[in-house]
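# I'd like to go over a predicted model; first the sequence, then the structure.
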Amino acid sequence: TPPPGGEAPPLDATDKSTVYANLDEIYGLAQGFLTALRDKVNHWSVVQTLGDVFCTFAMFFKVYVMYTGSFEHGMKVITRILREEPSGQAVAAAAAAAGCQDIGSLMITPVQRLPRYVLLLKELRKRTPDAHPDAALLEKALADIRVATDHVNETLRSNADNAKLLEIQSRLWTARPGGVPITLLVPGRRLIREGTLLKIRSTGSLREVRVFLFNDILLYCTSSRLWPGRLHFHNKIEFYGAAPDPQEALRLGPSVSSAKLRLAFKVTSAEAVRVFIPDSLEERDAWLADIKVAVAERQALDRRRSLKRGAQVHLDAIAARIGAP
């Protein structure tokens with residue numbers, strides 16, 4: 001609301017979409033939820049239940065994912081307006097003078113809603129006797145709300161993972177015909193770790209590389225001297241293990257110092273072995289631990305992809321039989 005005699009802070013269509021997201025949808029859901037709860041309270045008795053209301057609305061709470069996903073960017077827009085626009089500053093001052101909550105506190109309220117429902121349901125169940133008809137309903141409601149909360153969190157994680165993959169892809173380049181021979185954005189892939197390491201080259205010399213460890217591949221690049229901020233793609237490794245190996249490092253780089261050799265670890269694939277050198281033993285162990293996690297995730301991902309391919313082959317066979325004369 002604009003201050004008296006003032007104008008509303010400027011928000012173009014893109015900013016409005018970012019700041020408000022699907023608040024209208026959330027508001028409508030909240031109104032229906034509140035009406036159902038009020039009806040229960042207005043007809044209260046010792047055997048009245050609340051858990052069934054939560055069960056009815058639980059799956060609809062997944063609509064919070066859009067607003068929650070845009071919240072961080074929306075806050076950046078609001079912060080910019082409050083910092084740079086006189087009309088935004090006037091609104092903030094008027095709100096403070098009236099004793100209203102600041103805009104940040106109001107905007108984060110929908111983000112906190114589902115976790116607060118979980119806490120509320122836990123407290124209600126704790127205070128509800130086992131023999132009360134609401135006990136089982138509250139337990140089901142808690143499970144349903146957790147499913148909705150997990151959906152929101154997983155979607156946000158997936159969106160963040162995909163955004164990171166696209167950001168890395170946009171920085172890759174190569175002079176090879178056909179361009180960079182890999183598409184990072186594939187179902188199930190996520191970034192686990194990235195960092196700068198030394199790699200022992202086939203010539204025995206050391207090269208500084210930027211390494212990206214995903215849950216199914218390892219990618220290494222070098223900083224581009226032609227385009228600052230871009231990464232020159234070198235190779236990807238479909239690894240199946242990693243281990244400390246100073247001896248392999250010595251074999252590949254006989255001129256490498258003993259201090260660096262003791263830090264070396266190898267990453268093994270079906271095609272080759274690559275040896276990397278971090279700055280410390282602690283960093284080496286952190287890489288090895290994350291690669292171990294990645295190997296387990298890759299095996300699980302490979303199984304899921306194999307099952308999906310098998311299911312598709314089965315469906316194709318059925319479709320072929322149905323279409324056969």
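Yep, that arrived.
# Okay, now the unreliable bits of this protein?
1-10, 304-305, 308-309, 311, 314-316, 318-319, 322-325 (pLDDT under 70).
# Let me see the ranges of the strands in it.
Secondary structure of the chain by DSSP state E: the strands cover 172-173, 191-200, 206-214, 218-223, 231-237, 239-244, 265-269, 273-277.
# Out of those, indicate the one that is most buried.
Most buried of these by mean neighbour count (mean count of other CB atoms under 10 Å) is strand 273-277; its value is a mean of 22. (Each C-beta comes from the backbone N, C-alpha and C, glycine too.)
# so what's residue 103 closest to, chain neighbours aside?
Computed as CB to CB, 6 or more residues apart in numbering, the closest residue to residue 103 that is not its neighbour in sequence is residue 78, at 5.6 Å.
# and what of residue 291?
In space, residue 291 is closest to residue 242, 4.2 Å off (CB to CB, 6+ apart).
# can you tell me which residues contact the one you found?
With contacts defined as CB atoms under 8 Å, 6 or more residues apart in numbering, residue 242 is in contact with 265-268, 287-288, 291-292.
# From residue 42, how far out is residue 108?
Using CB to CB, to the nearest Å, residue 108 is found at 31 Å from residue 42.
# From residue 125, how far out is residue 35?
Counting by CB to CB - residue 35 and residue 125 are separated by 23 Å.
# Look up how far residue 257 lies from residue 250.
Distance from residue 250 to residue 257, by CB to CB: 11 Å.
# Have a look at those two and say which one is more surrounded.
residue 250 (16 against 10; other CB atoms under 10 Å).
# if we can go back for a sec, can you redo the strands of the chain as TSV with distance to residue 137?
Output for those, formatted as TSV (distance: least, CB to CB, whole Å):
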stretch	distance to residue 137
strand 172-173	53
strand 191-200	41
strand 206-214	43
strand 218-223	49
strand 231-237	51
strand 239-244	49
strand 265-269	52
strand 273-277	55
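# Out of those, the one nearest residue 22 is which?
strand 191-200 (28.0 Å; CB to CB).
# Packing partners of that closest one?
helix 133-171, strand 206-214, strand 273-277, helix 281-323 (3 or more CB pairs under 8 Å, 6 or more residues apart in numbering; DSSP states H and E).
# Tell me which of those lies nearest to residue 227.
For residue 227, the closest of those is helix 133-171, at 9.1 Å, according to CB to CB.
# returning to that earlier point: the more surrounded of residue 35 and residue 125?
Shown here are residue 35 and residue 125; by other CB under 10 Å, residue 125 has more neighbours (18 against 10).
# Might you report the residue contacts of that one?
Taking CB under 8 Å, 6+ apart as the test, what residue 125 contacts is 135, 138-139, 142.
# same check, this time on residue 213
191-194, 287, 290-291, 294.
# residues in contact with the residue nearest to residue 48 when sequence neighbours are not counted?
Nearest non-adjacent residue to residue 48, counting by CB to CB, 6+ apart: residue 40, 6.0 Å away. Going by CB under 8 Å, 6+ apart, residue 40 touches 48-50, 53.
# any chance of these in JSON lines, plus neighbour count?
Compiled in JSON lines, those are given as follows (neighbours: other CB atoms under 10 Å):
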{"residue": "48", "neighbour count": "12"}
{"residue": "49", "neighbour count": "19"}
{"residue": "50", "neighbour count": "19"}
{"residue": "53", "neighbour count": "17"}
